[in-house]
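Enquirer: Task: produce atomic coordinates for the following.
(one chain, ligands or ions: 1)
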Amino acid sequence: MSPLEPFGARLRHAMDSRGPLCVGIDPHASLLASWGLNDDIQGLETFTRTVVDALADQVAVFKPQSAFFERFGSRGIAVLEQAVADLRDAGALVVMDAKRGDIGSTMAAYAETYLRKDAPLFSDALTVSPYLGYGSLKPAVDLARESGAGLFVLALTSNPEGAEVQHAVRADGRTVAATMLAHLAEENAGAEPLGSFGAVVGATLGDLSSYDLAINGPLLAPGIGAQGATPADLPRVFGDAVRNVVPNVSRAVLKAGPSSAALRDAAVRFADEVREAVAAA
Ligand SMILES: O=c1ccn([C@@H]2O[C@H](COP(=O)(O)O)[C@@H](O)[C@H]2O)c(=O)[nH]1
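Expert: You can find the predicted model right below:
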């Protein structure tokens, strides 16, 4: 099976043509209820189908949150699998938010699950946790390169609890997060227009000027909307790296449903706000 064009290049193209937004698909039980759906497999299927049908042909990137599908066992995974296929068929990119991380030999199996091009859950990129050591991610890095997929490595997460691990200072004086960013800059060296190995960096974190975010790769930025950050915060948080930010909004878009028109309006509004904020930076 022929490899895809590298994820970084496909991402740059998608955001240039469809707008700078990643919509998260997070079927919280509370959202299902507010859409008038039951918290069961039928509710999950209807919710997911509605989001896909409303947005797949206009939003650049989608980030399904695997946990909300896994909750329903194999039937939930089947809904996720169908959504990934439909989103990709409609020309959108899919970042699977499964935050996988394990010893290398097990990481290889996770990589086969999401990054092997003919796998049922193949996604354009996968979120991964480097907290078993960055080197443990090597099987995923290698398979992503082979397939033309990408990774988003947890570096500076949007939740306040992340700081106790990510801001910890190593013996060499660097923080753990800075070390992860440095690894990613190495992976992306020489890639054009953008490397395929991104970092997760929360939009909620305030001024990050003490971190070198120039990794020549995408910065997936959750935290906009329900967690309190706004598109207008992006230049202050990301500085010169703001053009490589992939802003994720999940609940703040999804709560506009179940009306397809309202979902589309919400996505357009966030994309416009991000575009304006980045243009003014
Ligand atoms: O640091 C992180 C990493 C991942 N997430 C995920 O992003 C979405 C955010 O959802 P909202 O509804 O827009 O708050 C969710 O799937 C998280 O698991 C994150 O928030 N922060």
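Enquirer: Tell me the spacing between the residue in the stretch 51-200 of the chain positioned nearest to the ligand and residue 231.
Expert: Residue of the stretch 51-200 of the chain nearest the ligand, by CB to the nearest ligand atom: residue 157 (3.1 Å). All C-beta atoms are positioned from the backbone trio N, CA, C, and that covers glycine. Taking CB to CB, to the nearest Å as the measure, residue 157 falls 19 Å from residue 231.
Enquirer: and the stretch 1-150 of the chain, which residues reach the ligand?
Expert: The stretch 1-150 of the chain has residues 24, 26, 65, 97 near the ligand, with proximity defined as CB under 6 Å from any ligand atom.
Enquirer: Pull the contacting residues for the first one.
Expert: Same thing as residue 24. Residue 24 sits next to 62, 63, 64, 65, 97, 222, 248, 249, 250, 251, 253, 254 when contact means CB atoms under 8 Å, 6 or more residues apart in numbering.
Enquirer: what's the closest non-adjacent residue to it?
Expert: Once flanking residues are discounted, residue 24 sits nearest to residue 250: 2.9 Å by CB to CB, 6 or more residues apart in numbering.
Enquirer: for that neighbour, what are its contacts?
Expert: 23, 24, 25, 26, 63, 65, 222, 225, 226.
Enquirer: Give me the three-state assignment for the second one.
Expert: For residue 24, the secondary-structure state derived from DSSP: H, G, I helix; E, B strand; the rest coil is strand.
Enquirer: Bridged to it, which residues?
Expert: residue 63 (DSSP bridges).
Enquirer: okay, residue 232: pLDDT?
Expert: On the pLDDT scale, residue 232 is placed at 97.
Enquirer: right, I mislabeled it, should have said residue 165
Expert: pLDDT, read off for residue 165, is 97.
Enquirer: hmm, back to that, apart from its chain neighbours, what residue comes closest to the residue of the stretch 51-200 of the chain closest to the ligand?
Expert: Nearest to residue 157 is residue 202, by CB to CB, 6+ apart, at 5.6 Å.
Enquirer: what about residue 157 and residue 231, which has more around it?
Expert: Each of residue 157 and residue 231 has its neighbours counted (other CB atoms under 10 Å); residue 231 has more, 25 against 21.
Enquirer: Just list the residues touching the more buried one, thanks.
Expert: So residue 231 contacts 224, 247, 270, 273, 274, 276, 277 (CB under 8 Å, 6+ apart).
Enquirer: burial measure for residue 271, as a count.
Expert: 23.
Enquirer: Where does it fall, secondary structure wise?
Expert: helix 260-280 (DSSP states H and E).
Enquirer: Which residues belonging to that helix are considered buried?
Expert: Residues of helix 260-280 classed as buried under the neighbour-count rule (16 or more other CB atoms under 10 Å) are 263, 264, 266, 267, 269, 270, 271, 273, 274, 277, 278.
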